[in-house]
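S.K.: prediction below, plus the sequence it came from.
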Amino acid sequence: MLIKSSLKNIELVDRIQFLQELCRGQRVLHLGATDAPLTQAVVETGTFLHHHLEAVADHIVGIDLDESAIAWLRQTQNVNNIQLGDIEKLSDYPSAEFDVIVAGEIFEHLSSPGLALNCLRQIMRPQSQLVISVPNSYSLKGFLRAASGHEFIHPDHTLHHSPHTLKILLSRYGFEVKRYFSYINGGTGVFASIANQYLRYNPQLAEGIGVVCSLPD
C-alpha cells in the first residue's frame, strides 16, 4: 500500500552557509572531506567545503578514501586534518567525540549506506547532530534532462533519495530527522537561470536535499 508523504516542510538554503552555521564553534567530523575526484576543481572555484567548515569550526577532522586527494591537499593547500579511512568501517573512525558530523554528497556513493549509519550510531552522542545531503530523486533539472534522453550524473553514484526514503533509511538505524533542507547547485545559461528562479518557490524540486538528524535522548 502506497502512502502520501508531504514535501512541504523543506527549507531552501545556501548549502555552504547553512553547513557553516551548523558547524560554527563546534567539534566537527567531515565525511568524504576531499570532494574527490573533483578536489582541485572545487578548490580553484572556492567551493571546497572542508575549507569553509574549517574556517568556522572549533576543531575539525576529515575522513576520506582517496589517498591521492588527501596527499594533494596536504602538499598544495596545507590541509593536514583529513585522514585516510572508510566510513563503512568502525575501526577507521577517530576516537574523539564530535558535536556535528557532516556527510555532504557521500551517501550516494556508498555500496552499503547502512554499514556507515551503524558506525555513526556507535560513535555519536545523543547531543550530536548528523547532517546528510544527497542528490534529490525529484530534481526538476533531472526530470528535464531525462525527458531529453539523457541523465547528468556522477559516474560513481549508486542511488538517489527522496526526503521520505532518506528518513526511512535513517529511522532503521535509530536516527530521528529534525529538519529537512534543499539546495540549488547553480548552473549557467538561460535554462539554468529560469529553473533556479522556479526552484526558489519549489524547494522540493531542487538538485540536492538534506536532513539534520540525531539519536533519541
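M.R.: The structure has been received and is ready for your questions.
S.K.: buried set for the worst-scoring helix or strand of the chain on mean pLDDT?
M.R.: Counting by mean pLDDT, DSSP states H and E, the chain has its least confident helix or strand at helix 189-199, which shows a mean of 80. Across helix 189-199, burial judged by 16 or more other C-beta atoms under 10 Å covers 195, 196, 199. Backbone N, C-alpha and C define where each C-beta goes, glycine included.
S.K.: repeat for stretch 131-143
M.R.: Those would be 131, 132, 133, 134, 135, 136, 137, 138, 139, 140, 141, 142, for stretch 131-143 by 16+ other C-beta under 10 Å.
S.K.: give me the subset of those residues lying in strands.
M.R.: 131, 132, 133, 134, 135 (DSSP state E).
S.K.: just send those back as a markdown table, with distance to residue 160 and pLDDT too.
M.R.: Formatted as a markdown table, these follow (distance: C-beta to C-beta, whole Å; pLDDT from 0 to 100):
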| residue | distance to residue 160 | pLDDT |
| --- | --- | --- |
| 131 | 18 | 98 |
| 132 | 13 | 98 |
| 133 | 12 | 96 |
| 134 | 7 | 96 |
| 135 | 5 | 93 |
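S.K.: closest one of these to residue 47?
M.R.: residue 133 (13.6 Å; C-beta to C-beta).
S.K.: contacting residues for that closest one?
M.R.: For residue 133, the contacting residues are 15, 103, 104, 105, 181, 183, 208, 209, 210, by C-beta atoms under 8 Å, 6 or more residues apart in numbering.
S.K.: would you tell me which one of those comes nearest to residue 27?
M.R.: Among the contacts of residue 133, and counting by C-beta to C-beta, the member closest to residue 27 is residue 103, at 15.8 Å.
S.K.: list the contacts of the least confident helix or strand of the chain.
M.R.: 12, 140, 141, 144, 184, 186, 187, 205, 206.
S.K.: of the residues you listed, buried ones?
M.R.: Buried, going by 16+ other C-beta under 10 Å: 12, 140, 141, 184, 205, 206, out of the contacts of helix 189-199.
S.K.: which strands or helices does whichever strand or helix holds residue 55 pack on?
M.R.: Assigned by DSSP states H and E, residue 55 belongs to helix 49-56. Packing contacts for helix 49-56, counted by 3 or more C-beta pairs under 8 Å, 6 or more residues apart in numbering; DSSP states H and E, involve helix 15-23, strand 27-31, strand 59-64, strand 100-104.
S.K.: tell me which of the ones you listed lies nearest to residue 156.
M.R.: strand 59-64 (13.4 Å).
S.K.: give the next helix or strand downstream of the closest one.
M.R.: Sequence order places helix 67-77 as the next helix or strand after strand 59-64, per DSSP H and E.
S.K.: return the set of buried residues in that following helix.
M.R.: Buried-residue list, helix 67-77, by 16+ other C-beta under 10 Å: 69, 70, 72, 73.
S.K.: tell me what angle the helix or strand containing residue 146 forms with helix 189-199.
M.R.: Under the criterion of DSSP H and E, residue 146 resides in helix 140-147. Helix 140-147 and helix 189-199 are oriented at 130 degrees to each other (axes from the mean of the first three to the mean of the last three C-alpha atoms, to 10 degrees).
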